[in-house]
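[1] Give me a model of this one.
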Amino acid sequence: MYRAFLGPVALCAIFSICNQTASAGAIQYSATSGDRSATVNFTRSGSDLIVTLANKSSADATVPTDILTGVFFKLDGDPALTRTSALVAKNSVFVSNTGVDVTPADLVVGGEWAYKSGLSPAFDANQGISSAGLGIFGPPDLFPGSNLQDTTSPGGIEYGITRAGDNLLTGNGGLSGQHLIKNSVTFTLSGFSGEPDAKITKVFFQYGTALDEPRDPGTPDPLIPEPSTFCLGALALAGMTLLRRRLSR
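    Take a look at the predicted model:
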């Protein structure tokens, strides 16, 4: 009886562990308005909060207000997190005034993006990340990294996130000669505790270089947990063991 009971118990335990491991510590927000579309994923990794901001629009970018330059959110308790890194992933597209390049390694863009906590209650959000300054962020708020374009950062449209569907060969008004990222940046903030889905609310996405330019409120998206390869293998092994025991009776 004990042997027969062990199989189902093991299967349930493994599935529970896999499901909890896959689903814990992550939440995604998205917003779509007209031809604008963006997502931000918040993931906890130990005491780090990993924030991945992406411009998902499939349309061409033609003006500065098509460029995603910030994300704001309300974090329970309004802690001041520590800026660790701002990176464009290897093999991403990077637009410079010398043409269109593919990054051969992770590109550090911390000298162009800033993070700040303790924002005005009028914002209905107490934390923000931005490349454009927006009259809120200044040089002391920058992530670690060098200033990559001429103007003092954060400021202007440079190193904002252009659209996924941007035709980089078109002559875009106000965007020519600007360094842009296509189509996401990943930020790491340390000193975070708890689960993002319980602590992060009031997300909105900022475009352009001023607060009176497009700002879209985000809505939470359900993240479907995907068991890791290890968990799938463990489940298969437990199932085969249970079947073998039943057939050997």
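
[2] alpha carbons only for contacts and neighbour counts from here, please
    Noted.

[3] Put the alpha carbons of the helix or strand hosting residue 37 into PDB.
    Assigned by DSSP states H and E, residue 37 belongs to strand 36-45. Only the C-alpha atoms of strand 36-45 are listed here, as PDB (Å, rounded to 0.1, in the frame of the first residue of the first chain):
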ATOM      1  CA  ARG A  36       1.700  52.400 -29.700                       C
ATOM      2  CA  SER A  37       2.400  49.100 -27.900                       C
ATOM      3  CA  ALA A  38       4.700  48.400 -25.000                       C
ATOM      4  CA  THR A  39       5.400  45.900 -22.300                       C
ATOM      5  CA  VAL A  40       7.400  45.800 -19.000                       C
ATOM      6  CA  ASN A  41       8.400  42.600 -17.200                       C
ATOM      7  CA  PHE A  42       9.300  42.800 -13.500                       C
ATOM      8  CA  THR A  43      11.100  39.700 -12.200                       C
ATOM      9  CA  ARG A  44      12.600  39.100  -8.800                       C
ATOM     10  CA  SER A  45      16.000  37.300  -8.700                       C
END
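
[4] which residues sit in contact with the residue nearest the centre of the chain?
    Geometric centre of the chain, nearest residue: residue 52, 1.3 Å, by C-alpha atoms, centre = their mean. Shown in contact with residue 52 (C-alpha atoms under 8 Å, 6 or more residues apart in numbering): 40-42, 184-187.

[5] sorry, back to before: which SSE is immediately downstream of the strand holding residue 37?
    Moving toward the C-terminus from strand 36-45, the next helix or strand (DSSP H and E) is strand 48-55.

[6] What is the neighbour count of the residue lying closest to the residue nearest to the centre of the chain once chain neighbours are set aside?
    Computed as C-alpha to C-alpha, 6 or more residues apart in numbering, the closest residue to residue 52 that is not its neighbour in sequence is residue 186, at 4.3 Å. A total of 19 residues lie near residue 186 under the criterion other C-alpha atoms under 10 Å.

[7] Quick check, residue 186 in contact with residue 84.
    No. Using C-alpha atoms under 8 Å, residue 186 makes no contact with residue 84, being 10.8 Å away.

[8] mind checking pLDDT for the closest residue to residue 40 other than its chain neighbours?
    Leaving aside its sequence neighbours, residue 40 sits nearest to residue 53 (C-alpha to C-alpha, 6+ apart; 4.5 Å). What the model reports as pLDDT for residue 53 is 97.

[9] residue contacts, residue 53?
    Residue 53 neighbours (C-alpha under 8 Å, 6+ apart): 38-41, 71, 184-186.

[10] How about residue 75?
    125-127, 199-201.

[11] cool, residue 163 as well?
    Applying C-alpha under 8 Å, 6+ apart, the residues contacting residue 163 are 55-61, 66-68, 182-183.

[12] Please convert the buried members of these into PyMOL selection syntax.
    Restricted to buried positions by 16 or more other C-alpha atoms under 10 Å, the PyMOL selection for the contacts of residue 163 reads:
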select buried, resi 55+56+57+60+61+66+67+68+182+183
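
[13] and the contacts of residue 163 as JSON lines, adding distance to residue 136 and secondary structure?
    As requested, those are arranged in JSON lines below (distance: C-alpha to C-alpha, whole Å; DSSP: H, G, I helix; E, B strand; the rest coil):
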{"residue": "55", "distance to residue 136": "22", "secondary structure": "strand"}
{"residue": "56", "distance to residue 136": "25", "secondary structure": "coil"}
{"residue": "57", "distance to residue 136": "26", "secondary structure": "coil"}
{"residue": "58", "distance to residue 136": "29", "secondary structure": "coil"}
{"residue": "59", "distance to residue 136": "29", "secondary structure": "coil"}
{"residue": "60", "distance to residue 136": "28", "secondary structure": "coil"}
{"residue": "61", "distance to residue 136": "25", "secondary structure": "coil"}
{"residue": "66", "distance to residue 136": "20", "secondary structure": "helix"}
{"residue": "67", "distance to residue 136": "18", "secondary structure": "coil"}
{"residue": "68", "distance to residue 136": "16", "secondary structure": "strand"}
{"residue": "182", "distance to residue 136": "24", "secondary structure": "strand"}
{"residue": "183", "distance to residue 136": "24", "secondary structure": "coil"}
